[in-house]
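Visitor: I would like the atomic coordinates for the input below:
(chains A and B)
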Amino acid sequence: AQSVTQPDIHITVSEGASLELRCNYSYGATPYLFWYVQSPGQGLQLLLKYFSGDTLVQGIKGFEAEFKRSQSSFNLRKPSVHWSDAAEYFCAVGVQGAQKLVFGQGTRLTINP
Amino acid sequence: AAGVIQSPRHLIKEKRETATLKCYPIPRHDTVYWYQQGPGQDPQFLISFYEKMQSDKGSIPDRFSAQQFSDYHSELNMSSLELGDSALYFCASSLEGVTDTQYFGPGTRLTVL
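Guide: From the prediction side, this is the model:
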């Protein structure tokens, strides 16, 4: 069965520092991959997605992610974080032949001033 | 741009009561999904509808039912509510299932007392 693993439950970085959030997936075929962000008590906002083509995808708010098939990874990066980036980040995989998204456990990002 | 609308945003019920959650997808979106997010957990897929037909089913309790109407809005009906049903319930919509991006609504926070 397909699964998504986000190894880091909680990450703290200083404002202005670079960020990388890890995501690994388990799925037999080429997956559809997504990163969503959730602020406390809020809904899920799409940051970026990978369906096919260029393995480096750009998203909103200065985020980017790279699909690496050999490592089954889809890590999220940002060169310089802002205090407003503090939130919960979810990686998700879309399953072909089904209509659901399978989410990782989420990574909570805290920004130090 | 129009987003997914969910109502109500907050709902408080007693055990054994019933609840109905409503979802209005983005205009022209034909697929609706329901997810449940417990406290501190990742969203779990419940059920989806494509063109008013159930298209996929996840870990949805038998006490829950859902449908999609001719105007594509969807309702999630929950009966015999239990304390464990307290969660954030998200609706998402897309065009043509997982081959397109799922856009999430703000969620309905259900509290069962």
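
Visitor: What residues does chain A have near chain B?
Guide: Residues of chain A lying close to chain B by Cβ under 8 Å from any Cβ of the partner chain are A:32, A:34, A:36, A:41-46, A:49, A:51, A:90, A:94-96, A:98-106. C-betas here are computed from N, CA, C, even on glycine.

Visitor: Apart from its neighbours in sequence, what residue is nearest B:Asn100?
Guide: Quick fix: residue B:100 reads Asp, not Asn. B:Ser94 (4.5 Å; Cβ to Cβ, 6 or more residues apart in numbering or on different chains).

Visitor: Quick check: beta-bridge partners of that neighbour?
Guide: Applying DSSP bridges to B:Ser94 yields these beta-bridge partners: B:Thr31.

Visitor: show me the contacts for it.
Guide: Listed by Cβ atoms under 8 Å, 6 or more residues apart in numbering or on different chains, the contact set of B:Ser94 reads B:His29, B:Thr31, B:Tyr33, B:Asp100, B:Thr101, B:Gln102, B:Tyr103.

Visitor: what bits of the chain have low per-residue confidence?
Guide: Picking chain A for this. A:96-98 (pLDDT under 70).

Visitor: my question was about chain B
Guide: B:97-99.

Visitor: residues from it in reach of chain A?
Guide: B:31, B:33, B:35, B:41-45, B:48, B:50, B:55-56, B:58, B:90, B:92, B:97-99, B:101-107, B:109.

Visitor: Of those, which belong to strands?
Guide: The strands, defined by DSSP state E, take in B:31, B:33, B:35, B:44-45, B:48, B:50, B:55-56, B:90, B:92, B:103-104, B:109 from the residues of chain B next to chain A.

Visitor: Which members of those residues are classed as buried?
Guide: Neighbour-count burial (16 or more other Cβ atoms under 10 Å in any protein chain shown) is assigned, among those, to B:31, B:33, B:35, B:44-45, B:48, B:50, B:55-56, B:90, B:92, B:103-104, B:109.

Visitor: where's residue 11, which helix or strand?
Guide: Since no chain was named, I'll use chain A. strand A:10-14 (DSSP states H and E).

Visitor: not what I meant, chain B
Guide: Secondary structure from DSSP H and E places B:Leu11 in strand B:10-13.

Visitor: partners of that strand, with directions?
Guide: strand B:108-112 (parallel).

Visitor: Now do the strand it pairs with: everything it contacts.
Guide: Surrounding strand B:108-112, the residues in contact under the criterion Cβ under 8 Å, 6+ apart are A:41, B:6-15, B:17, B:19, B:21, B:78, B:81-89.

Visitor: what does stretch A:9-23 give?
Guide: When contacts are defined by Cβ under 8 Å, 6+ apart, stretch A:9-23 is touched by residues A:4-8, A:33, A:35, A:73-83, A:85, A:89, A:91, A:104-113.
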